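*Asks:* generate coordinates for the sequence data below:
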Amino acid sequence: MKYRLRNTFFFSLLLVFLFACSNEEPDGLLPGDTKTVDFRLMLSASQEENSQNTTQYEGMRNILVVITDNDGKILQREEEDLQWEEGKEAILEEGFSMEVPKEAAYVYAFSNLNSPLLENNENILEALEVGKTLPVSFDEQGVLNGSIPDAKIKNDVKIVVDERNSIPMSSHPHKLESEMVEIPLYRMIAKVKMSIENKTAGEVAVSKMTLEKFQNDRKIYMLPYKSLENIKEEDIPLFPDNDATEFSDVDKIFFEQDEESSFELATADKREAIFYVHESMLDGQDNIKVQTTIQRQEEKEQNLTGVTHFTYVRRNDLLIIPLVISDYSLEVTVSEQRAPIGGYPFTYEMSLVPSLAYSIKNSGELTIKLALIQQNLDGTGGSGVQFTTKDWQLTSDGNDAITWKDSQPNEGNEVTQVTLMVHKQGSAQLSFTAVTENNKEISYTIELIYK
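*Replies:* Down below sits the predicted model:
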């Protein structure tokens, strides 16, 4: 479901200072003691065309804005509950104006700090009171170390986000150097979107579906670390304690309430699951894995492992994991979406497997390489298969964000790669049919997302 961006509105927040006054000094603020600053809070996927990746409860329910001086001393804090209603779209962006004291130097923004998912929210709110101090500069590691407590997220390996459990968020400090300040907010947990699709000619029974491994008993920094400002693939998450905690697994993914031991997928059936996990860092010698047990028709059960290339999960990450059961193999691939700050233009290459979603990291030329590999269901015996293609279609989301670079491939030709152009933020679907030498037809759909 796609949620459109909520229109921003401006509201006034009144600042009142209490002074110890002598008889010679007037009460209250003198004219010119304050200045007006406009703020805009933004979340990951706050662009309207990308909000289809944002569910109802992932937005802002309330906001807390904290103003400090040059040394980080809190001069002012204002809180506002937003106009949220059951069944309405998530609030992904919010604008407002504030009267701030002339000596104001930095602003921090927070959201949903009253959520039950943040177990030590009382201690954190106490540290954000007027007169307390916040860090305004990063240390050598890129951490905002200071008097604010570390955050303790609810100790559930599979986090539930709903109308009661909204996602806590925080921001970096931003200098008050202009009349308009944009503040990206970072969700303190990560999101996983998984799907499983049966592309075989018969029914498949699934008796196990587990995603490994996540650290759900580990504190995280309350304020986001510096690398989230301009995220790169090699930037790992940072934690207050270097000692790794035990790992837990997300189990029984895709299972419905009345399915205790297994579920069945008919031909062309597809299931999807969305859940949330903690920031996690594996030891570098291991990767996040998918473990599954499937049985097709009269064949014996197969225990299969899909290894992703992830050795960590950062806050505010979106991991897309599509699983495809086909006559060729069980395909496991991962596409990732990161924090809201973009990178540089690039040329990006990816290989093809059926029914995938890919995150594109910036605009530029996009090359998709095509290869069809025939394998047994257990993944053995892989060999390349010659094929031609037909029925090419590229459907953009209405704003021509992604187009053909030159022209689409000709019908009936053997195609080893296609080239697209990513112009701006948006999404598109690329679909075609591969035809093997023995006239077996396999349809492919690739969802492309640039945010």
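
*Asks:* can you show me the strands along the stretch 151-300 of the chain?
*Replies:* Assigned by DSSP state E, counting those that start in this stretch, the stretch 151-300 of the chain shows strands spanning 169-170, 174-175, 180-187, 190-198, 204-214, 248-250, 263-265, 270-277, 280-281, 289-296.

*Asks:* and those, which is most packed in?
*Replies:* Sort the strands of the stretch 151-300 of the chain by mean neighbour count, taking mean count of other CB atoms under 10 Å, and strand 169-170 sits at the top with a mean of 26. Quick note: C-beta positions are derived from backbone N, CA and C, even for glycine.

*Asks:* okay, now the sheet partners of that strand, with direction.
*Replies:* Its sheet considered, strand 169-170 pairs with strand 106-111 (antiparallel), strand 180-187 (antiparallel) by DSSP bridges.

*Asks:* how many residues are close by the residue lying closest to A201 once chain neighbours are set aside?
*Replies:* Nearest residue to A201, sequence neighbours excluded (CB to CB, 6 or more residues apart in numbering): T267, at 6.1 Å. By other CB atoms under 10 Å, 11 other residues sit near T267.

*Asks:* my read is that T267 contacts R296, right?
*Replies:* No: the pair T267 / R296 is not scored as a contact, 10.8 Å apart, by CB atoms under 8 Å.

*Asks:* related to what we said a few turns ago, and V143, which of the strands paired with strand 169-170 is closest to it?
*Replies:* Between V143 and the strands paired with strand 169-170, the shortest separation by CB to CB is 13.9 Å, and it involves strand 180-187.

*Asks:* now that closest one: average pLDDT?
*Replies:* Per-residue pLDDT over strand 180-187 has a mean of 91.

*Asks:* could you do stretch 153-161 as well?
*Replies:* In this model, stretch 153-161 has an average pLDDT of 91.

*Asks:* could you work out the end-to-end span of that stretch for me?
*Replies:* Stretch 153-161 has an end-to-end distance of 12 Å (criterion: CA to CA, to the nearest Å).

*Asks:* C-alpha coordinates for stretch 125-132, CSV please?
*Replies:* Taking Å, rounded to 0.1, in the frame of the first residue of the first chain, the C-alpha atoms of stretch 125-132 are listed here in CSV:
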residue,chain,number,x,y,z
LEU,A,125,13.4,12.2,28.8
GLU,A,126,15.0,13.3,32.1
ALA,A,127,18.3,13.9,30.3
LEU,A,128,16.5,16.1,27.8
GLU,A,129,15.3,18.6,30.3
VAL,A,130,16.2,22.3,30.2
GLY,A,131,19.6,22.9,31.9
LYS,A,132,21.0,19.4,31.0
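
*Asks:* avg pLDDT for it?
*Replies:* For stretch 125-132, mean pLDDT is 96.

*Asks:* ok, now which ones touch E58?
*Replies:* Taking CB atoms under 8 Å, 6 or more residues apart in numbering, we find E58 in contact with 43, 90, 161, 167, 187, 191.

*Asks:* one step back: between T267 and R296, which contacts overlap?
*Replies:* With CB under 8 Å, 6+ apart, T267 and R296 have common neighbours 200, 202-203.

*Asks:* quick one: which of those is nearest P116?
*Replies:* Nearest member of the shared contacts of T267 and R296 to P116, counting by CB to CB, is E203, at 40.7 Å.

*Asks:* my guess is that closest one meets Q297, correct?
*Replies:* Yes: contact criterion CB under 8 Å: E203 and Q297 qualify, at 6.8 Å.

*Asks:* the two: which is more packed in?
*Replies:* E203 (14 against 10).

*Asks:* buried stuff in the helix or strand E447 falls within?
*Replies:* Per DSSP states H and E, E447 falls inside strand 441-450. Within strand 441-450, the residues that count as buried by 16 or more other CB atoms under 10 Å are 442, 444, 446-450.

*Asks:* just the CA trace of it, in CSV.
*Replies:* The C-alpha trace of strand 441-450 is given here as CSV (Å, rounded to 0.1, in the frame of the first residue of the first chain):
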residue,chain,number,x,y,z
GLU,A,441,8.9,-20.3,-20.6
ILE,A,442,9.9,-18.6,-17.3
SER,A,443,8.5,-15.2,-16.5
TYR,A,444,10.6,-12.7,-14.5
THR,A,445,9.6,-9.5,-12.7
ILE,A,446,12.1,-7.2,-11.1
GLU,A,447,11.1,-4.3,-8.9
LEU,A,448,13.5,-1.4,-8.9
ILE,A,449,13.4,1.2,-6.1
TYR,A,450,15.4,4.4,-5.9
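
*Asks:* need the pLDDT of I231.
*Replies:* At I231, the model reports a pLDDT of 64.

*Asks:* after the helix or strand of the chain with the lowest mean pLDDT, which helix or strand is next?
*Replies:* Among the helical and strand segments of the chain, the one scoring lowest on mean pLDDT, DSSP states H and E is strand 12-13, with a mean of 29. Downstream of strand 12-13, the first helix or strand assigned by DSSP H and E is strand 34-43.

*Asks:* and the angle for the following helix or strand past that following strand with strand 34-43?
*Replies:* Along the chain past strand 34-43, the next helix or strand (assigned with DSSP H and E) turns out to be strand 62-68. Orientation note: strand 62-68 sits at an angle of 130 degrees relative to strand 34-43 (axes from the mean of the first three to the mean of the last three CA atoms, to 10 degrees).

*Asks:* one step back: so what's the residue nearest to A201 up against?
*Replies:* T267 neighbours (CB under 8 Å, 6+ apart): 198-203.

*Asks:* do D139 as well
*Replies:* So D139 contacts N145 (CB under 8 Å, 6+ apart).

*Asks:* now it: how far from L238?
*Replies:* To L238, D139 is 10 Å away according to CB to CB, to the nearest Å.

*Asks:* any idea how far the residue sitting nearest the centre point of the chain lies from S407?
*Replies:* Centroid check for the chain by CA atoms, centre = their mean gives L318 as the closest residue, at 2.9 Å. Computed as CB to CB, the L318 to S407 distance reads 32 Å.

*Asks:* now Q215
*Replies:* According to CB to CB, Q215 and S407 sit 48 Å apart.

*Asks:* the two: which has the busier surroundings?
*Replies:* Set side by side, Q215 and S407 give different neighbour counts by other CB under 10 Å, the larger being at Q215 (22 against 7).

*Asks:* if I read this right, that one contacts F247, doesn't it?
*Replies:* Yes: the criterion here is CB under 8 Å, and Q215 meets it with F247 at 6.1 Å.
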